[in-house]
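Chemist: Just to be clear, the model below is a prediction. Sequence and coordinates:
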Amino acid sequence: MQADRSGRPAPPPSLVAALASEPRLVAKHPALGDFLRSRWADAAFMTAAGMAEATGLPTTTLIRLLALLGFPSFRSFRDAMRAQLRSR
């Protein structure tokens, strides 16, 4: 997790926080919500397979969950995470 200027962990941006607390996600796959809350910045540079491994999900399940959350592809999700990093 990134740290703010005081050295405390910075909270995830609002997009990530919203995704991490999405009821459809939290109910079935809390590991993905946990990953987004704690390592969201890492997601901007991961492959789908790497993120799936980090969350303990099969890659196809990860892709389906991201589609459920409104991302038509893993690349669109990763691009959104990169945009969040640039906006900070």
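Modeler: Sure, I can see it.
Chemist: CA only for contacts and neighbour counts going forward, please
Modeler: Noted.
Chemist: What about residue 88, how many residues nearby?
Modeler: Look at residue 88: counted by other CA atoms under 10 Å, it has 6 neighbours.
Chemist: now do residue 33
Modeler: Residues near residue 33, counting by other CA under 10 Å, number 23.
Chemist: and if you look at residue 75?
Modeler: By the criterion of other CA under 10 Å, residue 75 has 14 neighbours.
Chemist: Quick check: the gap between it and residue 69.
Modeler: Distance, residue 75 to residue 69, by CA to CA, to the nearest Å: 14 Å.
Chemist: Kindly report the same for residue 55.
Modeler: Distance of residue 55 to residue 69, computed by CA to CA: 16 Å.
Chemist: Mind jotting down where the helices sit in the chain?
Modeler: With DSSP state H as the criterion, the chain has helices at 14-20, 23-28, 30-43, 48-55, 59-68, 74-86.
Chemist: Just name the most buried of those.
Modeler: Burial of those is given as mean neighbour count (mean count of other CA atoms under 10 Å); helix 30-43 ranks first at a mean of 19.
Chemist: helices or strands up against that helix?
Modeler: If you count contacts as 3 or more CA pairs under 8 Å, 6 or more residues apart in numbering; DSSP states H and E, helix 30-43 packs onto helix 14-20, helix 23-28, helix 48-55, helix 74-86.
Chemist: For residue 41, which of the ones you listed is the nearest?
Modeler: Closest approach to residue 41 among these (CA to CA): helix 74-86, 6.8 Å.
Chemist: what sits up against that closest one?
Modeler: Under the contact criterion CA atoms under 8 Å, 6 or more residues apart in numbering, helix 74-86 has outside partners 13, 15-16, 40-41, 43-46, 48, 63, 66, 71.
Chemist: switch to 6 Å and redo it
Modeler: Outside of helix 74-86, the residues within contact range by CA atoms under 6 Å, 6 or more residues apart in numbering are 44, 71.
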